[in-house]
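In: give the three-dimensional model of this entry:
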Amino acid sequence: MRKKSKGDSDKDQSPPDNATSPGNGTDASGEYGSTPAFVVYTDRTTNAPMLPAASDMEGYTVVYVAMRASSNVTYTYPSESALSFLLLSGAADQALAWQSLDDSDKHAFKEDYNSAGISIIVSAFGSTDAPTSTDADPVGTANTMAQWVLDNELDGVDVDYEDLNAMDAQDGKAEKWLVTFTETLRHKLPKGHYLLTHAPVAPWFSPTFNASGAYVTVHKQAGSLIDWYNVQFYNQGAGMYTTCDGLLNTAGSAFLGSSLNEIASAGIPLNKLVIGKYASDGDGANGYMVPQTLAKCVAQAKQQGWSAGVMFWEYPDADASLIKTVRGTAFPL
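Out: Numbers count the residues shown, from 1 in each chain. Below is the predicted model:
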């Protein structure tokens, strides 16, 4: 990882000249507004480009350069497909590919995507890293990762924290780590100029974690710094989040209180709850919904007052055709 250089400062700093206001989702105050986020992760390094042309991503507003090697694993406690991101050890997979581009290629990609209203951000950790359990310093880690974003001219960072043992302990350490990490990231990546999102699994908003609060606690303490949550409504057990009622209104018995509207009832604003799904039946273990069914759920959620958007794992299965179908009549192109 890049060590903090002599010129780096812990003081508030103006955004660099190459900073971009990240796009369609923020209002003049820098707060994520009413425009939905349509998010796709790209990681696959076999038979897929690092990034396609922006014209091939019509319908998306944010692309996450994710560095993961995927395997379909279901855990007893909240998780997702096993993935590796911008790691404690440095960039891997697609993030490493981006890092390896020369400046002119980075500029070309950014101009192409930003001109199309699409932000490019990097995602951190995944199931490969357990930063709390391994006693990683949240301040130092955040400063290093934020500097990586700045050095590589991206539009922000996504926090895919999956330290299952730390969160399951319910001793408050995971929440404290995440809050400190988030505060430090936002210090170096100012709101309104850089996106800062989190990708928690849906059960981490459930009363199952009453003792420490999990992401309800994180939101109470740092939610104002987070643009939105890419909530992973998948890989939590057979039958979970596979019907519109289970996804939107009443989650299955494995994790009561973790459907979209139940999470909102716990105090998380609906406009920050992006519905996350995997794109094809082979991209995860369970929780898959066919696009036409998901589109009906999206339309139903919008009728109930939700408009945050949809996240998919992963490109190229999550292509322009898929997002067009899922947006449907609720969010027509």
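In: after the helix or strand bottoming out on mean pLDDT in the chain comes which helix or strand?
Out: With mean pLDDT, DSSP states H and E as the measure, the helix or strand of the chain carrying the lowest mean pLDDT is helix 93-100 (a mean of 87). Beyond helix 93-100 in the direction of the C-terminus, DSSP states H and E gives the next helix or strand as helix 103-115.
In: hang on, the earlier thing: can you pull the buried residues of the least confident helix or strand of the chain?
Out: Across helix 93-100, burial judged by 16 or more other Cβ atoms under 10 Å covers 93-99. Where you see a C-beta, it was placed from the backbone N, CA and C, and this is true even at glycine.
In: can you add distance to Gln221 and give these back as TSV?
Out: Converted to TSV, these look like this (distance: Cβ to Cβ, whole Å):
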residue	distance to Gln221
Asp93	31
Gln94	31
Ala95	28
Leu96	33
Ala97	35
Trp98	31
Gln99	32
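In: closest one to Ser123 out of these, please.
Out: Distances from these to Ser123 were compared by Cβ to Cβ; the smallest belongs to Ala95, at 8.1 Å.
In: thinking that closest one is in contact with Val65, fair?
Out: Yes: Ala95 lies in contact with Val65 (Cβ atoms under 8 Å); the separation is 5.5 Å.
In: find residues that contact each of the two.
Out: Val122 (Cβ atoms under 8 Å, 6 or more residues apart in numbering).
In: which pLDDT value goes with Gly267?
Out: Confidence at Gly267, expressed as pLDDT, is 96.
In: quick check: closest non-adjacent residue to it.
Out: Across the structure, with Cβ to Cβ, 6 or more residues apart in numbering as the measure, the residue nearest Gly267 apart from its sequence neighbours is Val216 (6.7 Å).
In: state the distance from the one you found to Ala146.
Out: With distances defined as Cβ to Cβ, to the nearest Å, the gap from Val216 to Ala146 amounts to 25 Å.
In: cool, and Glu153?
Out: As defined by Cβ to Cβ, Glu153 lies at a distance of 13 Å from Ala146.
In: the two: who's more crowded?
Out: Of the pair Glu153 and Ala146, Ala146 is the one with more neighbours under other Cβ atoms under 10 Å, namely 21 against 18.
In: doesn't the more buried one fall inside a helix?
Out: Yes: residue state for Ala146 (DSSP: H, G, I helix; E, B strand; the rest coil) corresponds to a helix.
In: that one and Thr182 touch, don't they?
Out: No: with contact defined as Cβ under 8 Å, Ala146 does not reach Thr182; the gap is 11.0 Å.
In: between the two, what contacts are shared?
Out: With contacts taken as Cβ under 8 Å, 6+ apart, Ala146 and Thr182 have no neighbour in common.
In: where does the stretch 51-200 of the chain have low pLDDT?
Out: Per-residue confidence of the stretch 51-200 of the chain (counting by pLDDT under 70) places the weak regions at 66-85.
In: my guess is Ala124 is in a helix, correct?
Out: No: with three-state DSSP as the criterion, Ala124 is strand rather than part of a helix.
In: contact partners for it?
Out: Ala124 makes contact with 85-87, 145, 157-161 under the criterion Cβ under 8 Å, 6+ apart.
In: narrow those to those in helices?
Out: Members of the contacts of Ala124 lying in helices (criterion: DSSP state H): Met145.
In: now, which of the contacts of Ala124 sits nearest Asp105?
Out: In terms of Cβ to Cβ, no member of the contacts of Ala124 lies closer to Asp105 than Leu86, at 19.1 Å.
In: beta-bridge partners for that closest one, please?
Out: Per DSSP bridges, residues listed as beta-bridge partners of Leu86: Ala124.
In: what is the burial count for it?
Out: Burial measure for Leu86: 32 neighbouring residues, criterion other Cβ under 10 Å.
In: likewise for Ile120?
Out: Neighbours of Ile120 under the rule other Cβ under 10 Å: 26.
In: show me what contacts the most centrally placed residue in the chain?
Out: Centroid check for the chain by Cα atoms, centre = their mean gives Ala199 as the closest residue, at 3.9 Å. For Ala199, the contacting residues are 123, 158-161, 229-232, 276, 311, taking Cβ under 8 Å, 6+ apart as the criterion.
In: from the chain's centre, how far out does the helix or strand hosting Val310 sit?
Out: Secondary structure assigned from DSSP H and E places Val310 in strand 309-315. In terms of Cα atoms, centre = their mean, to the nearest Å, the centre of strand 309-315 is set 9 Å apart from its chain centre.
In: lovely, talk soon.
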